[in-house]
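Student: Below is the structure, and that's it, no one-letter string:
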């Protein structure tokens, strides 16, 4: 039986906000980064020495029940198609959730631009467009069915955007890796 607080959307959002701060330190040139999200209390019980070394907060040391700890998956390398990359991924039961951080470019909604149908050509056209904007998104999903995303525009780096379905396709792909 899960402990109290496990499955709350707040725990997922808190983990994503922490990840936004963490990945934001590396600037806007980072490749996509994948993270396993594990219950902090479970990690502390399984790896007490590591938890102490990391200063991991648990419910015993003041963390909210159901708090999540992110573990970066250094071996993850994207092919450029994140949805396809995630389609082949499956997490063990010990992983409670997962998150992906990536930088993307987009055009403002008011832009009247005819993009090519080919996804590669469309991405190149957006990258070369003078009105393009960069956004750092961190999207996550957990085994309780929660999905959420946070984002930061390069042009407005002090403002954090957040929504349950910020990037719905990526959220769905991450959720699929947990089933």
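Tutor: Sure thing, it's come through. Predicted model only: the values in this text are computed from it and were never measured.
Student: contacts for the top helix by length along the chain?
Tutor: Ranked by residue count under DSSP state H, the longest helix found in the chain is helix 9-24. The contact list for helix 9-24 (Cβ atoms under 8 Å, 6 or more residues apart in numbering) reads 5, 30, 33, 35, 37, 64, 66-70, 97, 99, 101, 136, 138-142, 146-150, 152, 157, 160, 162, 164. Where C-beta positions appear, they are placed from N, C-alpha and C, glycine not excepted.
Student: 6 Å instead?
Tutor: 33, 37, 66-68, 70, 99, 101, 138, 140, 142, 146, 148, 150 (Cβ atoms under 6 Å, 6 or more residues apart in numbering).
Student: Give me the subset of those lying in strands.
Tutor: Among the contacts of helix 9-24, the members found in strands (DSSP state E) are 33, 37, 68, 70, 99, 101, 138, 140, 142, 148, 150.
Student: Would you map the strands across the chain?
Tutor: 33-39, 68-72, 97-106, 133-142, 147-153, 156-163.
Student: can you list those strands in CSV and add distance to residue 169 and mean pLDDT?
Tutor: Converted to CSV, the strands of the chain look like this (distance: least, Cβ to Cβ, whole Å; pLDDT from 0 to 100):
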stretch, distance to residue 169, mean pLDDT
strand 33-39, 16, 97
strand 68-72, 22, 95
strand 97-106, 12, 93
strand 133-142, 9, 95
strand 147-153, 11, 96
strand 156-163, 14, 94
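Student: closest to residue 122 out of the ones you listed?
Tutor: strand 97-106 (10.8 Å; Cβ to Cβ).
Student: Any stretches of this structure with poor pLDDT?
Tutor: The model of the chain has pLDDT under 70 over residues 1-5, 111-112.
Student: Take the strands of the chain and lay them out in TSV including distance to residue 122 and mean neighbour count.
Tutor: Below are the strands of the chain laid out as TSV (distance: least, Cβ to Cβ, whole Å; neighbours: other Cβ atoms under 10 Å):
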stretch	distance to residue 122	mean neighbour count
strand 33-39	24	23
strand 68-72	30	21
strand 97-106	11	21
strand 133-142	16	23
strand 147-153	20	21
strand 156-163	23	12
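Student: For the ones you listed, could you give me CSV that also reports distance to residue 23?
Tutor: What follows is the strands of the chain, written out as CSV (distance: least, Cβ to Cβ, whole Å):
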stretch, distance to residue 23
strand 33-39, 6
strand 68-72, 9
strand 97-106, 4
strand 133-142, 7
strand 147-153, 10
strand 156-163, 13
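Student: just so I know, which of the ones you listed lies nearest residue 45?
Tutor: Comparing the strands of the chain by Cβ to Cβ, strand 33-39 comes nearest, at 9.3 Å.
Student: quick one: contacts of the closest one?
Tutor: 15, 23, 68-73, 76, 95-101.
Student: and it with helix 9-24, angle?
Tutor: 140 degrees (axes from the mean of the first three to the mean of the last three Cα atoms, to 10 degrees).
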